[in-house]
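Return atomic coordinates for the entry below.
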Amino acid sequence: MDQDKPILENLVSIYEKPPSNSTPTPSKKGEGRKEEVIYRPPHLNPVFYGDNSAPQKKISRERRRAMKRLLEDPDIMEEEDLPTEIYYGAAHTTAKYLEKMREREKYEEENFTRLPQTKRDKLIQKQLERGEVPFGRIRKDYIKKVLESSDDEEELAFIKMTVR
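This is a model prediction of the structure:
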């Protein structure tokens, strides 16, 4: 035989089925031992979520996003003439928290170290970034007031168009 050519009998046919079960092989003690079979997980088919409330949630999220954009515009805020909300008690606690965070930052810079941040600190920081009052359990919800003040359907349709 020619040394350069492969022996075709040694190649595995792609059309042959692999053994469906393991075959026993004799071991040293004469017992039948099964060959290890490679585990093949079952094929998982996708499952579709058939909830009808998803479009409604999407619309409400779009509406809230549009209202947030509108509230950031100072001209529109003046036109809406919304009252300024004042929270008594929460501002003092927020100031204390901010002072504590400044002290912590100063300590970290002086000692070249990082202090571990708790879940509660992370939550409070996120709430402050979003404009919520973390300690008074009251959330500034200007968006809800703007939505209540604009009962005109055409205005809501315009807001919906500007979001996309």
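
tell me the secondary structure for His43?
Put simply, His43 is coil when judged by DSSP: H, G, I helix; E, B strand; the rest coil.

cool, the one 4 residues further on as well?
When states are read from three-state DSSP, the local structure at Val47 comes out as coil.

pLDDT at it, what is it?
Val47 carries a pLDDT value of 80.

same for the host helix or strand of Leu128, what does it pack against?
Element membership for Leu128, per DSSP states H and E: helix 119-130. Packing partners of helix 119-130 (3 or more C-beta pairs under 8 Å, 6 or more residues apart in numbering; DSSP states H and E): helix 90-111. Every residue, glycine included, has its C-beta placed from N, CA and C.

Roughly how far does Ser60 sit from Gly50?
Ser60 is 20 Å from Gly50, where distance means C-beta to C-beta, to the nearest Å.

Between these two, which has more neighbouring residues?
Ser60 (12 against 6; other C-beta atoms under 10 Å).

which residues of the protein score low on pLDDT?
Along the chain, segments meeting pLDDT under 70 span 1-3, 10-35, 71, 76-77, 80-91, 131-164.

And the helices in it?
Applying DSSP state H to the chain gives helices spanning 54-72, 74-80, 90-111, 119-130, 142-149, 153-163.
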